[in-house]
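S.K.: Build me a model:
(4 chains)
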Number of protein chains: 2
Amino acid sequence: MQQFTDRQIEIMEAATNRISKYGIQNLTIKTLAEDIGLSEPALYRHFKSKNEILLSLLEYFKTEMKNRIQSISFKPTDTTADELRAIFNSQLQTFTNKPAIVSVIFAESIFHFDESLSNIVTEIMDMMQEYVKTNIAKGQEKGQYNKLIGVSTLTTIIIGGMRMTVLKWKLSGHKSNLVKDGKTVLDGILKMIENN
Amino acid sequence: MQQFTDRQIEIMEAATNRISKYGIQNLTIKTLAEDIGLSEPALYRHFKSKNEILLSLLEYFKTEMKNRIQSISFKPTDTTADELRAIFNSQLQTFTNKPAIVSVIFAESIFHFDESLSNIVTEIMDMMQEYVKTNIAKGQEKGQYNKLIGVSTLTTIIIGGMRMTVLKWKLSGHKSNLVKDGKTVLDGILKMIENN
DNA sequence: TCTTTGCGAGTGAATACTAACTAACATAAA
DNA sequence: TTTATGTTAGTTAGTATTCACTCGCAAAGA
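M.R.: Next up, the predicted model:
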């Protein structure tokens, strides 16, 4: 029932950490094999190419993210804004626990020229965008959000603000408090769009 | 008085285009030399290393950006918001005219592990951030912007929203209208913070 | 005659990946 | 219970290719 073997997951995690610590240029089969304590050819027993390691890694995160967000349970008393807060809180918590993944999934610029890789990165971004878009449409419809700004523009602002917060956190060497800073940004935006 | 020779500028522009079209991995001395119609050793007559080409290229843009923004002339009737609009309009116009530069200066993830390169990218980002921060502080002080949100958080939201717009434009293959979309996002944010 | 700008022909190091082989183990026939 | 066979997961020792960069030399203009 498991999609990946233990060894495969070990390789994907090592690859993620390599990229996070030393950049994608430094992810070579050699360094990766050394990290795990295997020989280079041994890696090819588990993945047929280097590209497939990256591909699997992204697919793995995408599935995890989808499951995690969809299993968030909202309380009946939650406002639409509370639901959005819960989604981003979950996402930022995940990043905080596994900072390495951020370097990989926010890497459109790196993968932009490999179609298969950039497709998955785009899919992950689109998925997040859908959640936000749906939330905003619902909030506006319910009259919980004002309609000063259209759904699409507001989505861009929210996702943009959150991504910028993540970027700053990354540039700070993960020293800043991502969950808190992200909440501040989101609350700021919500303060401007929430009706009371 | 010119900081770079014609040939150097030619090389830097060719490098920018290479990166934009095929990614940083595809920027090699060989491909670059072919683009210009020179031999590989010839490039080393003009730059002492590949890294210096990238470094110079970023320095070149940084200087251009600083000069350009500082020479924007504001009308006496301009509001603080108009000034911010003018700054972003100038920036997005520049990106539209030279789309390739975007791939390079929005590439923290690529350069994150080369200190000299990441420093310049950070400096460029900080510069833009300073302009926005100053504008917001001024607008809030003058009472033209409300004070629902702090300067720092608001800066993150604005820069984040603009960067997200640029990213979408890039992912669309430069098909969308960056100047117009950027204006929509900025006007949206301003609508929420401007007092009337 | 220098200085600048170019070239052909290389260098060593690194890269993704492969060939050929083996020890350990599971399964199943004799 | 042996014995035969196949599979899994690893090894050492390579391959061809690509990379940034260098050497020594030539031509041309100031």
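S.K.: quick one: low-confidence parts of chain A?
M.R.: Counting by pLDDT under 70, chain A shows low-confidence ranges at A:1-2.
S.K.: Return the residues of it in contact with DNA strand C.
M.R.: A:Asn26, A:Leu27, A:Thr28, A:Ile29, A:Lys30, A:Thr31, A:Glu40, A:Pro41, A:Tyr44, A:Ser49, A:Lys50, A:Asn51 (Cβ under 7 Å from any atom of the strand). The way it works is simple: take the backbone N, C-alpha and C, and place the C-beta from them, glycine included.
S.K.: Give me the contacts around stretch A:33-50.
M.R.: A:5, A:7-8, A:10-11, A:14, A:17-18, A:27-30, A:32, A:53, A:56 (Cβ atoms under 8 Å, 6 or more residues apart in numbering or on different chains).
S.K.: Tell me the buried residues within those.
M.R.: The neighbour-count test (16 or more other Cβ atoms under 10 Å in any protein chain shown) marks A:Gln8, A:Ile11, A:Ala14, A:Asn17, A:Arg18, A:Leu27, A:Ile29, A:Leu32, A:Ile53, A:Ser56 as buried among those.
S.K.: Out of those, which comes closest to A:Thr80?
M.R.: A:Ser56 (35.5 Å; Cβ to Cβ).
S.K.: how far away is the closest one from DNA strand D?
M.R.: In this view, A:Ser56 and DNA strand D are 15 Å apart by Cβ to the nearest atom of the strand, to the nearest Å.
S.K.: And for A:Arg85?
M.R.: Counting by Cβ to the nearest atom of the strand - A:Arg85 and DNA strand D are separated by 43 Å.
S.K.: Same check on A:Met128?
M.R.: To DNA strand D, A:Met128 is 34 Å away according to Cβ to the nearest atom of the strand.
S.K.: if I pick that residue, what's in contact with it?
M.R.: A:Met128 neighbours (Cβ under 8 Å, 6+ apart): A:Gln91, A:Ile159.
S.K.: Am I right that it sits in a helix?
M.R.: Yes: read with DSSP: H, G, I helix; E, B strand; the rest coil, A:Met128 is one of the residues of a helix.
S.K.: on contacts alone, who are the packing partners of the helix or strand hosting A:Val104?
M.R.: Using DSSP states H and E, A:Val104 maps to helix A:100-105. Contact analysis of helix A:100-105 by 3 or more Cβ pairs under 8 Å, 6 or more residues apart in numbering or on different chains; DSSP states H and E lists helix A:6-22, helix A:50-70, helix A:80-97, helix A:151-171 as its packing neighbours.
S.K.: residues from chain A in reach of chain B?
M.R.: With Cβ under 8 Å from any Cβ of the partner chain as the criterion, chain A meets chain B at residues A:22-26, A:103, A:106-110, A:112-113, A:122, A:148-150, A:153-154, A:156-157, A:159-165, A:167-168, A:170-171, A:184-185, A:188-189, A:191-193.
S.K.: Now A:Lys62. Nearest residue, chain neighbours left out?
M.R.: Taking Cβ to Cβ, 6 or more residues apart in numbering or on different chains, and ignoring the residues beside it in sequence, A:Lys62 has A:Ile124 as its nearest neighbour in space, at 5.3 Å.
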